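>>> Curious how this folds, go ahead:
(one chain, ligands or ions: 1)
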Amino acid sequence: MEHIPVLLEPILKMAKELSREPKYYFDGTFGRGGHARALMNEWPQLQTFAVDQDAEAIEFAQTHFAKEIAAGRLVIRRANFAELQELQAELRAFHGGAGFDLILIDLGVSSPQLDRGDRGFSFYHEGPLDMRMDQRGEVTAKEIVNSWDSDDLAKLFRELGEVRSPGRVVDAIIEARRRQAFQTTRELAGLIERCLGWRKKGQHPATQYFLALRLEVNRELDVVKQAIPQLVEMLSESGRLMIITFHSLEDRIAKYALRELCDRGSLVNKKVIQAPWAEVKKNPRARSAKLRVFQKGVAS
Ligand SMILES: C[S@@+](CC[C@H](N)C(=O)[O-])C[C@H]1O[C@@H](n2cnc3c(N)ncnc32)[C@H](O)[C@@H]1O
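Down below sits the predicted model:
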């Protein structure tokens, strides 16, 4: 499925409200470049530096943004937005010390990552139990499911999946893997389906279990916490950091991390921005999206 960028209108609005035309944009989660494309269309002079940890996102950019790359309007690098040390010199040379006027991190996975069975994120499509966004990562979901003991698995599903009583599923995993190690997404999803049945209408019973595994494999919560202060430092004076989250744990981390930076700037929107019904109807992924925006410097 094509990736539809979420909350595009409020993102553009937040960018238009800057006290000057944005010149330098840092996209920490390039994906399929939906947000980047819209911002570059809006401001033809905008210079974009984008990263993504997924090799496929980089290949996509090289093919579909070849013109922008050739014209020097887009620089794309494979990196984790929380680990930009190696790129610091290049980033500084890019904006000449001015900092970025706009920074966006649109967290989580893209639709193509989710839909492709071979990436291992989907409980509907058969594929290796992988779930790494960065294919160079050492830990896969398969390793966790096959090697963690029952207490650690239960803690993982409770804390990251917010599953109240994961005991039955954990026991079934331990029992099943004694006979044969899990290899694929459908093996695990099928076991959870048999264990729990379909309770919530429209929600696959493995949803929270898969989410917990994905968050752990990619250390997604740690990454957000670690990145936010660094990204604020990369902003220009009165530049804006925009963060889109997709679930409550991630959003809570963003909220508190930004609050702790009150000496560096302030929140633009006191209440989180969510997608209107019309957007959710067109793009169900937008249902749980929340946008927080932080402006560096003293509010005018
Ligand atoms: C929700 S998609 C972004 C979609 C993008 N805004 C668009 O409009 O096409 C998230 C993307 O960010 C990448 N990603 C997630 N966490 C990352 C991180 N810590 N560092 C770099 N890339 C990350 C994923 O690989 C994925 O391609």
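
>>> Off-centre distance for the helix ranked longest in the chain?
Longest helix in the chain by number of residues, with DSSP state H as the criterion: helix 220-234. On the basis of C-alpha atoms, centre = their mean, to the nearest Å, helix 220-234 is displaced by 12 Å from the centre of the chain it belongs to.

>>> What's the first helix or strand after that helix?
strand 235-245 (DSSP states H and E).

>>> Against which helices or strands is the longest helix of the chain packed?
Contact analysis of helix 220-234 by 3 or more C-beta pairs under 8 Å, 6 or more residues apart in numbering; DSSP states H and E lists strand 100-106, strand 235-245, helix 248-259 as its packing neighbours. All C-beta atoms are positioned from the backbone trio N, CA, C, and that covers glycine.

>>> Let me have the ones you listed in TSV, extended by distance to Gln274 and mean pLDDT.
Formatted as TSV, those follow (distance: least, C-beta to C-beta, whole Å; pLDDT from 0 to 100):
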stretch	distance to Gln274	mean pLDDT
strand 100-106	14	98
strand 235-245	10	97
helix 248-259	11	96
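
>>> Which one, of those, ends up nearest to the ligand?
strand 100-106 (3.7 Å; C-beta to the nearest ligand atom).

>>> Out of the helices and strands packed on helix 220-234, which is the most enclosed?
Mean neighbours per residue, mean count of other C-beta atoms under 10 Å, is largest over the helices and strands packed on helix 220-234 for strand 100-106, with a mean of 25.

>>> Any chance you could list what contacts that strand?
The set of residues that contact strand 100-106 without belonging to it, under C-beta atoms under 8 Å, 6 or more residues apart in numbering, is 5-6, 11, 15, 18, 20, 22-29, 31, 35, 39, 49, 81, 224, 227, 231, 234-236, 239-244.

>>> Can you show me the strands along this protein?
With DSSP state E as the definition, the chain shows strands at residue ranges 24-27, 47-52, 74-78, 100-106, 235-245, 265-267, 273-274, 290-296.

>>> and Arg178, how many neighbours?
Here the count is done by other C-beta atoms under 10 Å, and Arg178 has 8 residues near it.

>>> Look up how far Ser165 lies from it.
Distance of Arg178 to Ser165, computed by C-beta to C-beta, to the nearest Å: 22 Å.

>>> where along the stretch 51-200 of the chain do the helices fall?
With DSSP state H, counting those that start in this stretch applied, the stretch 51-200 of the chain shows helices at 55-64, 66-70, 88-95, 111-115, 141-147, 150-159, 167-179, 185-196, listed in chain order.

>>> got JSON lines for these, with distance to the ligand and mean pLDDT too?
Compiled in JSON lines, those are given as follows (distance: least, C-beta to the nearest ligand atom, whole Å; pLDDT from 0 to 100):
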{"stretch": "helix 55-64", "distance to the ligand": "4", "mean pLDDT": "97"}
{"stretch": "helix 66-70", "distance to the ligand": "14", "mean pLDDT": "98"}
{"stretch": "helix 88-95", "distance to the ligand": "14", "mean pLDDT": "97"}
{"stretch": "helix 111-115", "distance to the ligand": "6", "mean pLDDT": "88"}
{"stretch": "helix 141-147", "distance to the ligand": "16", "mean pLDDT": "98"}
{"stretch": "helix 150-159", "distance to the ligand": "19", "mean pLDDT": "98"}
{"stretch": "helix 167-179", "distance to the ligand": "26", "mean pLDDT": "98"}
{"stretch": "helix 185-196", "distance to the ligand": "18", "mean pLDDT": "96"}
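
>>> As TSV, the ones you listed with distance to Trp277 would be great.
Compiled in TSV, those are given as follows (distance: least, C-beta to C-beta, whole Å):
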stretch	distance to Trp277
helix 55-64	29
helix 66-70	33
helix 88-95	38
helix 111-115	20
helix 141-147	34
helix 150-159	32
helix 167-179	34
helix 185-196	30
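
>>> any idea what sits nearest the spatially most central residue of the chain, other than its immediate chain neighbours?
With distances taken as C-alpha atoms, centre = their mean, the residue of the chain nearest its centroid is Leu107 (1.9 Å). Taking C-beta to C-beta, 6 or more residues apart in numbering, and ignoring the residues beside it in sequence, Leu107 has Thr245 as its nearest neighbour in space, at 5.4 Å.

>>> Redo the strands of the chain as TSV? Include distance to Ile174.
Written out in TSV, the entries for the strands of the chain read as follows (distance: least, C-beta to C-beta, whole Å):
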stretch	distance to Ile174
strand 24-27	42
strand 47-52	36
strand 74-78	37
strand 100-106	36
strand 235-245	32
strand 265-267	44
strand 273-274	39
strand 290-296	36
